[in-house]
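K.L.:
What follows is a predicted protein model with its sequence.
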Amino acid sequence: MKKIILILLLLVTLTGCGKTNNEETKKEETEEIKYITSDTLKEEKEISGLKLEFISLEYNKGISTLKVRVTNESDRETIEKYVNILYKNKEGNIVYTALGYIKKLSPKEDTILIVNDTIDLSNVESVEYEVIE
């Protein structure tokens, strides 16, 4: 009986059951979140009675995430809106365009617009917004 248990333990050890790929694990651990910041990103924008305040732009594991606080500054309820989000580099050239959705907002109500894209936007210097009418 002891020999069978010993053989089984030896087989499990030799086959490497449960072994993970250390290179992939090390790569994931060394990837850091890139937080993209600039003074122009932090500027408040206003479009169609909505105030847009930059919260963050980050790049992590192949995905860029933009977060913007949207506040209805008017005294009337807004309608749902789609916006083009124009990501620009230092030279002011558009490097990527995304689509965002802003829900209907009551007066003075705010929401967070979150846009995820599978592109590295770490070279972005500014963001502009255009309401799609």
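P.N.:
That came through, no problem. Numbering: from 1, shown residues only.
K.L.:
Please count neighbours and contacts with C-alpha atoms only from this point.
P.N.:
Will do.
K.L.:
tell me which element the residue nearest the centre of the chain falls in.
P.N.:
Closest residue to the average C-alpha location of the chain: Thr65 at 1.2 Å, with C-alpha atoms, centre = their mean. With secondary structure defined by DSSP states H and E, Thr65 is part of strand 63-72.
K.L.:
Same check on Ile119?
P.N.:
For Ile119, there is no host helix or strand (DSSP H and E).
K.L.:
which SS class is Ser74?
P.N.:
Assigned with DSSP: H, G, I helix; E, B strand; the rest coil, Ser74 falls in the coil class.
K.L.:
separation between it and Ser48?
P.N.:
Ser74 sits 9 Å away from Ser48, going by C-alpha to C-alpha, to the nearest Å.
K.L.:
and if you look at Val127?
P.N.:
In this view, Val127 and Ser48 are 17 Å apart by C-alpha to C-alpha.
K.L.:
Pick out whichever of these two has more residues nearby.
P.N.:
Val127 (21 against 12; other C-alpha atoms under 10 Å).
K.L.:
part of a strand, is that one?
P.N.:
Yes - judged by three-state DSSP, Val127 forms part of a strand.
K.L.:
wait, isn't it in contact with Asn84?
P.N.:
No - Val127 is not in contact with Asn84 according to C-alpha atoms under 8 Å; the separation is 10.1 Å.
K.L.:
ok, and what's touching the strand holding Thr65?
P.N.:
For strand 63-72, contacts defined as C-alpha atoms under 8 Å, 6 or more residues apart in numbering pick out 49-59, 78, 102, 105-121.
K.L.:
And stretch 112-132, by the same measure?
P.N.:
Contacts of stretch 112-132 (C-alpha under 8 Å, 6+ apart): 34-38, 40-41, 45, 47-48, 58-59, 62-70, 81-90, 92, 95, 98-102.
K.L.:
Can you turn the buried part of these into a PyMOL selection?
P.N.:
Of the contacts of stretch 112-132, the buried ones can be selected in PyMOL as follows, counting by 16 or more other C-alpha atoms under 10 Å:
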select buried, resi 36+37+41+58+59+64+65+66+67+68+69+70+82+83+85+86+87+88+89+99+100+102
